[in-house]
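Q: coordinates only, sequence not included:
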Ligand SMILES: C[S@@+](CC[C@H](N)C(=O)[O-])C[C@H]1O[C@@H](n2cnc3c(N)ncnc32)[C@H](O)[C@@H]1O
């Protein structure tokens, strides 16, 4: 689903600022993309939302040039404001487009990497998911580009979702908790996503999931120009967010950094 309801957008965006669990996930994605993208690399980000995940990447890697895509005008407007406030708008071009049917200038563009974070679970049907994965596979094939895909993972026992979210994210406001529950339930298991990736031409990707609670998953592959080790090393997180980021990073079953 395209996420454009102003209240949901505002809560999602605010949650990303306040919530140490969400900040930890953004930090995790930023470390991963850092490890996969070369110096001065060009990144295509699919489903940028309100921009917090991408902002963590760009603040970590001020050398990157990014084109970021979403279909929701309110998300794009929120992301635009965030990037301007943070002084990183010069590095990021925002484009209103469908990630399952990219315009030619993006589909045929030159990219060192493509990222898709916390977005696949939003696609309403498996056929739509397949459309998005075909686009990612095509960008990878044409450019030998790195790929970073991260998302929720659906739990084996759906009745555990509420307790799990309470456990990993006790401070979340109710509206965000409800969104997270809906997202969790709509997400794919890691085996389902692995099968869809392979069918789309993205076979053999590395993969990992959160532990002990497997509520997050990630798939990645380096590109022809990926660096041998991450380019940036420091983390700007402090306090509870830093602790959450460390726990997430230690618990993840495999990761690219
Ligand atoms: C949950 S948000 C994630 C945003 C961001 N990547 C993050 O991690 O914070 C998912 C975004 O995907 C967008 N989206 C869903 N379907 C889409 C589509 N077919 N084309 C473009 N964007 C889409 C939604 O509008 C929403 O902004």
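A: Alright, I've got the coordinates. Since the structure is predicted, the reported quantities are computational estimates derived from the model, not experimental observations.

Q: Thought residue 216 was touching residue 164, still the case?
A: No. Using Cβ atoms under 8 Å as the test, residue 164 is too far from residue 216 to be in contact (11.0 Å). All C-beta spots, glycine's among them, are computed from the backbone N, C-alpha and C.

Q: So between these two, which is more surrounded?
A: Comparing residue 164 with residue 216 by other Cβ atoms under 10 Å, the one with more neighbours is residue 216, at 24 against 17.

Q: so the more buried one sits right up against residue 22, yeah?
A: No. Taking Cβ under 8 Å as the definition, residue 216 is not a contact partner of residue 22, at 11.3 Å.

Q: Next one: residue 195 from the ligand, what distance?
A: 21 Å (Cβ to the nearest ligand atom, to the nearest Å).

Q: swap in residue 118?
A: Residue 118 sits 4 Å away from the ligand, going by Cβ to the nearest ligand atom.

Q: ok, now residue 192?
A: Counting by Cβ to the nearest ligand atom, the gap from residue 192 to the ligand is 18 Å.

Q: Next: residue 137.
A: 16 Å.

Q: Torsion angles phi and psi at that residue?
A: Reported as degrees, to the nearest 10, the phi and psi values for residue 137 are phi -60, psi -40.

Q: go on, residue 70?
A: phi -160, psi 160.

Q: close enough to count as contact, it and residue 49?
A: Yes. Contact criterion Cβ under 8 Å: residue 70 and residue 49 qualify, at 6.2 Å.

Q: any common contacting residues for those two?
A: By Cβ atoms under 8 Å, 6 or more residues apart in numbering, residue 70 and residue 49 have these common neighbours: residue 79.

Q: Between the two, which is the more surrounded one?
A: Taking other Cβ under 10 Å, residue 70 and residue 49 do not tie; residue 70 has more neighbours (27 against 24).

Q: Can you name the residues that contact the more buried one?
A: 2, 47-49, 76, 79, 94, 96-97.

Q: At the contact with the ligand, which residues of this protein appear?
A: Contact residues (Cβ under 6 Å from any ligand atom) of the chain with the ligand: 2-3, 47-49, 52-53, 69-72, 75, 98-100, 117-119, 122-123.

Q: Thanks a lot, see you next time.
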